[in-house]
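**Q** Next comes the sequence, and after it the predicted model I'd like to discuss.
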Amino acid sequence: MFKKKNKFILGIIFFFIGLFCFFPKENAENIIKLGDCCSSATQWALGSKKLDFAFLCPVITSSFLKKNQEFEIIGKTVVNGELILTRKSKNQDIDEIFYSKGRLEQYKMLKNNFSENIKIKSLSSTALIYALEKREIDTAVINYDMLENLKGEYRVIPYNGEYVSYILVGRKKMKNSLKYKKFIEEQNKKTEVLKNKNWNYKNIEGVDNWKPIFIKI
């Protein structure tokens with residue numbers, strides 16, 4: 001079990017890291033990719049008046065649009081962008097699965113695919129990665145963009161259904177601008193790269209059967 005003390009310390013560390021990473025930079029594109037869009041640091045970033053675009057999970061998209069009516073949904077960008085990874089073999093029982101705190105789609109996916117005997121628990125996405133790599137936990141839902149540097153040996157537990165991972169929102173007044181057009185063009189290029197990416201990581205058994213869906217705008 002991941003110790004409460006560790007979670008508290010990590011929470012403080014990643015909060016201040018988040019403030020630094022999400023601070024809008026001078027002359028930079030006002031675009032934010034929010035893997036942990038339920039964190040306190042991210043909520044602060046979303047309140048910035050300099051924000052033009054953001055990639056958000058469905059839960060935060062809904063609450064964000066209610067508070068910020070000058071924004072609108074541009075479209076879904078990633079579906080099934082998560083994997084369930086475990087250190088346990090096929091012969092070992094899974095007792096509990098951790099998911100990123102606040103990610104309702106991940107919770108729904110777990111509830112729809114596993115029996116009530118398996119405990120479903122949450123951690124912040126940054127704490128979750130740390131706990132998995134340090135063997136504090138055995139099984140967790142991991143975002144596709146966290147696989148590249150993930151340490152350890154795992155196997156994929158398949159799941160059924162389609163679950164939205166990220167939604168792109170943008171400022172309404174940007175819609176007919178050149179900046180908006182250029183951004184969409186660049187986003188579609190990046191989407192094409194992801195669609196053709198080889199996800200066969202040697203440290204993850206069964207990852208070749210995982211089929212994330214990357215959607216052009």
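**A** Arrived safely, thanks for sending. Numbering: from 1, shown residues only.
**Q** now residue 171, which residues is it bridged with?
**A** Beta-bridge pairing for residue 171 (DSSP bridges): residue 71.
**Q** ah, wrong one, I meant residue 156
**A** What pairs with residue 156, by the bridge criterion (DSSP bridges), is residue 85.
**Q** ok, it to residue 205 distance?
**A** According to CB to CB, to the nearest Å, residue 156 stands 7 Å off from residue 205. In short, each C-beta sits where N, CA and C put it, glycine included.
**Q** do residue 113 as well
**A** According to CB to CB, residue 113 stands 19 Å off from residue 205.
**Q** hmm, back to that, residues in contact with both of residue 156 and residue 205, list them for me.
**A** Overlap of the contact sets of residue 156 and residue 205 (by CB atoms under 8 Å, 6 or more residues apart in numbering) is empty.
**Q** what about the helices in this structure?
**A** Using DSSP state H, the helices assigned to the chain run over residues 4-22, 40-46, 58-67, 104-113, 125-133, 178-195.
**Q** Same question for the last one: list its buried residues.
**A** Meaning helix 178-195. Buried residues in helix 178-195, counted by 16 or more other CB atoms under 10 Å: 180, 183-184, 187, 191, 194.
**Q** any low-confidence regions in this structure?
**A** 1-50 (pLDDT under 70).
**Q** list the buried ones in stretch 99-109?
**A** For stretch 99-109, by 16+ other CB under 10 Å, it's 99-103, 105-107, 109.
**Q** Can you list the buried residues in stretch 88-96?
**A** Buried residues in stretch 88-96, defined by neighbour count with 16+ other CB under 10 Å: residue 94.
**Q** Ok, stretch 106-120 next?
**A** 106-107, 109-110, 114.
**Q** Could you export those residues as a markdown table, including distance to residue 199?
**A** Putting the buried residues of stretch 106-120 into a markdown table (distance: CB to CB, whole Å) gives the following:
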| residue | distance to residue 199 |
| --- | --- |
| 106 | 19 |
| 107 | 24 |
| 109 | 18 |
| 110 | 21 |
| 114 | 23 |
